[in-house]
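1. after the sequence you'll find the predicted model.
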Amino acid sequence: MQSRLSKTLGHTAREARLRAGLTQETVAERLDLTQEVYGRIERGLLLPSVITVRRLSLVLHVSADQLLGIDSSLTHSPSSGRDSPQVRRLIRAVRELSASRLRTLSLLIAHFRRRD
């Protein structure tokens, strides 16, 4: 099972990296890994730690579910396909945020939730 998971994660990471127009070297730097180690992840030879999977999802702008090959239809609510255009635009904008801006947005949301 671990081998299949490693290969799924590696394939998905590679596809996302290519879509983003990034090199292995760039992604490795952003993850604070050597290029050799990141290359082993993409080839499915190394299963990264949970922390690295999370950082990888942020760097490549894909969900951890996608990296792990989890069927998104099992994890999303039935109403997600009926979201308003405003909600879909907001979701797209959030997916494009850098890790630091995403953390800032998360803090703002937590602040407003406490005030309600």
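-> Received it, and whenever you're ready, just let me know what you need. Numbers count the residues shown, from 1 in each chain.
2. switch to C-alpha atoms for all contacts and neighbour counts from now on
-> Will do.
3. next one: Ser98 from Leu22, what distance?
-> To Leu22, Ser98 is 15 Å away according to Cα to Cα, to the nearest Å.
4. scan this structure for its longest helix.
-> helix 2-20 (DSSP state H).
5. on contacts alone, who are the packing partners of the helix or strand following that one?
-> Using DSSP states H and E, the helix or strand that directly follows helix 2-20 along the chain is helix 24-31. Packing partners of helix 24-31 (3 or more Cα pairs under 8 Å, 6 or more residues apart in numbering; DSSP states H and E): helix 35-42, helix 50-60.
6. again, 6 Å this time
-> Contacts defined by 3 or more Cα pairs under 6 Å, 6 or more residues apart in numbering; DSSP states H and E place helix 24-31 against helix 35-42.
7. measure Gly44 to Gln35 for me?
-> 14 Å.
8. and Ser98, by the same measure?
-> On the measure of Cα to Cα, Ser98 and Gln35 end up 21 Å apart.
9. of those two, who's got more company?
-> Gln35 (17 against 14; other Cα atoms under 10 Å).
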